[in-house]
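Engineer: Let's see this in three dimensions:
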Amino acid sequence: MPPGRRIGPGPEAEFAERPLYAGHYRLDEPLGSGGMGVVHLARSASGLRLAVKVVHPELAEDREFRGRFRQEVAAARRVSGAFTAPVVDADPDAAQPWMATLYVPGPTLEDQVKRNGALPPDRLRRLLAGLAEALRDIHRVGVVHRDLKPSNVLLAEDGPKVIDFGISRPADSELRTETGKLIGTPPFMAPEQFRRPREVGPAADVFALGSVLVHAATGRGPFDSDSPYVVAYQVVHDEPDLAGVPEELAGLVARCLAKEPQDRPTPDDLMAELREVVASYDTQVFDPYGTGAQVFASDDVGAQVFIPAQRDEPDRSDRHDRQAARDQQEPAPSEEAVTHVSDRRHGGRRTRPGRGRWRRPAAWSRRTRLAVCVLAVAVAAGVTASFTVLGAGGSADGGGVGDEPRASNGAPSSPAPPTRAWSTKLPTKGASGTPHCVRAPASKTGGGAAARLYCAAPGISAAALDAGSGKVLWSRPQSTAGRGTALEPPTAPVLSGGLLQTVTDRGSVLEALDPRSGQTRWSHDLSAYAGRVTHARDTVLLTTAQGTLRALDARDGSRRWQRTYAELRDATLWTGGDGHVYAVNTLQGGGSRVTSLDPRTGRKQWQRSLDGALTPVGARDGTVWFTQADQDSYAVAVVRYDANRRAVRRVPLDVPLPDPVASLHGDTVHLLGAGGGLVAVDTAGADAGPRWRLETSVSQGSAPTVAGGTLYFGAADGRLIAVDVRGGRPALLGQTEPRPSGRTGAPASALDRPVAAEGRVFATAPDGSVFSPPSGSPRRW
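Structural biologist: Sure, this is the predicted structure:
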């Protein structure tokens, strides 16, 4: 720990003499203070800027207050979305409790209105859309903010951020407000907060949103008075003063300010109604600093994204030029060689002290999480590619959306005609969940057919869709009389040996289907293998927990070889784009053993013990990439092992990422943490290291894919999000509308990564849909 004293009671002069620390974070200048504590600008050891709230010393001794602060930390950790600031670390049990969130540069709405006056109508519309989406995310996890006001709204470049959950409560909280105590800020409180404070629900936040919009539009509140008692009376009994609110928004704001909670719109209602409003005006700017930042809107305000203005970058570093050259030289993935993805690990909950608790399905062990993760990598590598990850038809780093079309001689060719958006829900007969798909280019579908998507979903073992229109060509229902171990969620089908390989009957049967008709060509019982299936070109590998591998010919299901490897007991297999099969298992003492096998013969090619708990990301030409995790599932490094040179390179992350998903693009690994941190790590050259980091606030997203300088990933609510990564200065470009599960509180089942191929992007969503946005720039989504 760096020298310096800890936060605690003492004269303020001591702050200037010696640096203060909250946990591992050095506190710099104060950003503001309130009744609960002081918010400091702080820095981590790697230089990451944070906002750290430190409780006043005199309040730290109050047991009731500690309970409130603990509640604030818990609420802030539950909430994650594009318009909230994620919690990085906290210690509510410290001598002086503190909480660290990502620092959001930008003024509060209160300061902005004080300095520059009321916001113009175009910015009001975007503010309303952003705050409605923030409330949707907050309410979705069962939290009521209860103190939404201008000082708790930060105007960042990428949109408004809601902060300060100091008096928030779960909607079903057992905590009760004490008689005689007002909880909230009167000008922005709802009538029920004065009349029935114990019955306050999500509708109170919608009322506060209406008051905040009036303040932003006029510089005053809808119930202004010098006396808080008069304000309270007016809130409960009088009609709001909406003079100065733009006419096209006045009706929405008035509904937000309805006296009875049941008469107010929900955040989803607001976003739906804003769709009609947005069609009546030009897309202008969201510009908190007056710098000309642009915002691009889709035809759905609910899908709107706030985007910084594009900057000219004439002085890009040589590194990016070299990476671009490498990307142009990379061959397009074939059926056997594609970009590889490590999927989200699932399993039992672990708690890293001071880092928050990331919710995962509790029934799976770390070994099982790794197995599912690697199974997704194998599916992606053994065929065209797996979706949310559908497989790519072109290079993951080139030839995608936004690239200029070129003929075979390298000269520019005529651009591909624009394509329409489509969205298809698979006929699941009552089942629900995220489909998992693989894309096959026309050359792989046979019979001169167009490009297709092959998908599996809850209730469907396999289905074929036309990639151009989304039309379902054929579908096979999942058997309900399953045996063996269930695979949840289902994995994408795999094209191997000219057939579509899919696991059916809850993981107990492997079926090989004719990709044109869906008819079964052969099948194999998997009851002895617990669903452990790996595809490597035209070979199917079945694995037992005891280390026995059986190889089948993917074309007819005949047995090729069978061997038992004592050192592969409890190992997890995946397929590299180089056609080899790799296995990783954990060693006693904390390291990992990596083994390479020839799938056609079972011959061991090499074996190497590496430090750390490793999760595979991808492999190419004898080189294997991993993420390395600590004991709490935080990724701390990217590891690259070159088997040809027997060289290990470990690239540390500046800031650990919780439970990330990762994908390989050229020599760069892109990681998306469970809390929304998006990081690019270059693993080549003498200056290998993290290149950039973007905080997306999207929790539990999919692994990313990159095409034509644009990075795509999926969100747990079904949005497809695009980020411009050219020049090493990432910026949000656009996002589609949400497609959440219809079940309240239902988590998204393991998202795969999106794919960009032949000028368009394909993705799936928790509502059971497979979709593709219109071709062209994501700014038009």
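
Engineer: Show me which strand runs longest in the chain.
Structural biologist: strand 647-658 (DSSP state E).

Engineer: buried sites along it?
Structural biologist: For strand 647-658, a neighbour-count test (16 or more other C-beta atoms under 10 Å) marks 650, 651, 653, 655, 656, 657, 658 as buried. From N, CA and C alone the C-beta is placed, and that goes for glycine too.

Engineer: nearest to residue 702, of those residues?
Structural biologist: Closest to residue 702 out of the buried residues of strand 647-658 is residue 657 (14.7 Å), distances taken as C-beta to C-beta.

Engineer: Tell me the confidence at that closest one?
Structural biologist: Note on residue 657: pLDDT of 86.

Engineer: I'd like the distance between the nearest residue to it once chain neighbours are set aside and residue 165.
Structural biologist: Leaving aside its sequence neighbours, residue 657 sits nearest to residue 673 (C-beta to C-beta, 6 or more residues apart in numbering; 3.6 Å). In this view, residue 673 and residue 165 are 21 Å apart by C-beta to C-beta, to the nearest Å.

Engineer: try residue 512
Structural biologist: 52 Å.

Engineer: Residue 75 now?
Structural biologist: Taken as C-beta to C-beta, the span from residue 75 to residue 165 is 4 Å.

Engineer: Residue 108 now?
Structural biologist: Residue 108 is 16 Å from residue 165, where distance means C-beta to C-beta.

Engineer: Name the SS class of residue 207, please.
Structural biologist: helix (DSSP: H, G, I helix; E, B strand; the rest coil).

Engineer: Okay, and the residue most central in space within the chain sits in which element?
Structural biologist: The chain has residue 701 as the residue nearest its centroid, 2.3 Å off, counting by C-alpha atoms, centre = their mean. Using DSSP states H and E, residue 701 falls within no helix or strand.

Engineer: what's near enough to touch it?
Structural biologist: The contact partners of residue 701, by C-beta atoms under 8 Å, 6 or more residues apart in numbering, come to 661, 672, 676, 713, 714, 715, 716, 721, 751.

Engineer: on that earlier part again, list the neighbouring strands of the longest strand of the chain plus their orientation.
Structural biologist: Strand pairing for strand 647-658, using DSSP bridges, gives strand 634-642 (antiparallel).

Engineer: one step back: which one of the buried residues of strand 647-658 sits closest to residue 774?
Structural biologist: residue 657 (32.3 Å).

Engineer: and residue 761, what element?
Structural biologist: Applying DSSP H and E, one finds residue 761 within strand 760-764.

Engineer: for that strand, packing partners?
Structural biologist: strand 436-440, strand 710-714, strand 720-724, strand 769-772 (3 or more C-beta pairs under 8 Å, 6 or more residues apart in numbering; DSSP states H and E).

Engineer: Check these for me and report the most buried one.
Structural biologist: The highest mean neighbour count among these, using mean count of other C-beta atoms under 10 Å, belongs to strand 436-440: a mean of 30.

Engineer: Give me the angle between it and strand 760-764.
Structural biologist: 150 degrees (axes from the mean of the first three to the mean of the last three C-alpha atoms, to 10 degrees).

Engineer: tell me the average confidence for strand 436-440?
Structural biologist: The model assigns strand 436-440 a mean pLDDT of 89.

Engineer: shaky segments in the stretch 151-300 of the chain?
Structural biologist: Along the stretch 151-300 of the chain, the parts satisfying pLDDT under 70 run over 166-184, 275-300.

Engineer: re earlier: what's the average pLDDT for the strand holding residue 761?
Structural biologist: pLDDT averaged over strand 760-764 gives 93.

Engineer: which outside residues touch it?
Structural biologist: Residues contacting strand 760-764 (C-beta under 8 Å, 6+ apart): 387-388, 390, 401, 419, 434-437, 439, 453, 455, 467, 707, 712, 714, 720, 722, 736, 751-752, 754-755, 770-775.

Engineer: Stretch 226-238 too?
Structural biologist: Here stretch 226-238 has contacts from 186, 187, 189, 190, 191, 194, 195, 221, 223, 224, 225, 259, using C-beta under 8 Å, 6+ apart.

Engineer: is it true that the fifth one touches residue 258?
Structural biologist: So the one you mean is residue 191. No: counting by C-beta atoms under 8 Å, residue 258 is not a contact partner of residue 191; they are 9.2 Å apart.

Engineer: hey, what's in contact with both of the two?
Structural biologist: residue 207.

Engineer: all strands for the stretch 1-150 of the chain, in order.
Structural biologist: Remark: strands assigned in the stretch 1-150 of the chain by DSSP state E, counting those that start in this stretch are 5-6, 20-22, 25-33, 37-43, 49-55, 87-91, 98-102, 143-144.

Engineer: what's the offset of the last one from the middle of its chain?
Structural biologist: So that's strand 143-144. From the chain centre to the centre of strand 143-144 is a distance of 22 Å (C-alpha atoms, centre = their mean, to the nearest Å).

Engineer: That one packs against which elements?
Structural biologist: strand 169-170, helix 202-218.

Engineer: Dump the ones you listed to JSON lines, plus distance to residue 523 and mean neighbour count.
Structural biologist: Formatted as JSON lines, those follow (distance: least, C-beta to C-beta, whole Å; neighbours: other C-beta atoms under 10 Å):
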{"stretch": "strand 169-170", "distance to residue 523": "48", "mean neighbour count": "19"}
{"stretch": "helix 202-218", "distance to residue 523": "50", "mean neighbour count": "25"}
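
Engineer: Redo the ones you listed as JSON lines? Include distance to residue 686.
Structural biologist: As requested, these are exported to JSON lines (distance: least, C-beta to C-beta, whole Å):
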{"stretch": "strand 169-170", "distance to residue 686": "51"}
{"stretch": "helix 202-218", "distance to residue 686": "50"}
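
Engineer: Would you tell me which of those gets closest to residue 561?
Structural biologist: strand 169-170 (56.3 Å).

Engineer: what comes up buried for the next helix or strand after the closest one?
Structural biologist: Sequence-wise, the next helix or strand downstream of strand 169-170 (DSSP H and E) is helix 191-195. Within helix 191-195, the residues that qualify as buried by neighbour count (16+ other C-beta under 10 Å) are 191, 192, 193, 194.

Engineer: Tell me how far helix 191-195 lies from the chain's centre.
Structural biologist: 37 Å.

Engineer: all helices of the protein, in order?
Structural biologist: 13-17, 57-60, 63-78, 109-116, 121-140, 191-195, 202-218, 228-237, 247-256, 267-278, 318-329, 366-382, 442-445 (DSSP state H).

Engineer: and the third one, what does it pack onto?
Structural biologist: The one in question is helix 63-78. Right, helix 63-78 is packed against strand 87-91, strand 98-102, strand 169-170 by 3+ C-beta pairs under 8 Å, 6+ apart.

Engineer: Tell me what angle the first one forms with strand 98-102.
Structural biologist: Taking the same axes, to 10 degrees, one finds that strand 87-91 is oriented at 170 degrees with respect to strand 98-102.

Engineer: right, so of the helices and strands packed on strand 143-144, which gets closest to residue 31?
Structural biologist: helix 202-218 (20.6 Å).

Engineer: chain center to the closest one, what's the gap?
Structural biologist: With C-alpha atoms, centre = their mean, you get 29 Å for helix 202-218.

Engineer: Stretch 84-100 too?
Structural biologist: With C-alpha atoms, centre = their mean, you get 22 Å for stretch 84-100.

Engineer: For that stretch, measure first residue to last.
Structural biologist: 13 Å (C-alpha to C-alpha, to the nearest Å).

Engineer: Same check on stretch 756-773?
Structural biologist: Per C-alpha to C-alpha, the first residue of stretch 756-773 is 11 Å away from its last.

Engineer: Could you number the chain from 694 rather than 1 from now on?
Structural biologist: Shifting the count to begin at 694 puts that one at stretch 1449-1466.

Engineer: Flag every buried residue along that stretch.
Structural biologist: By 16+ other C-beta under 10 Å, the buried positions in stretch 1449-1466 come out as 1449-1466.
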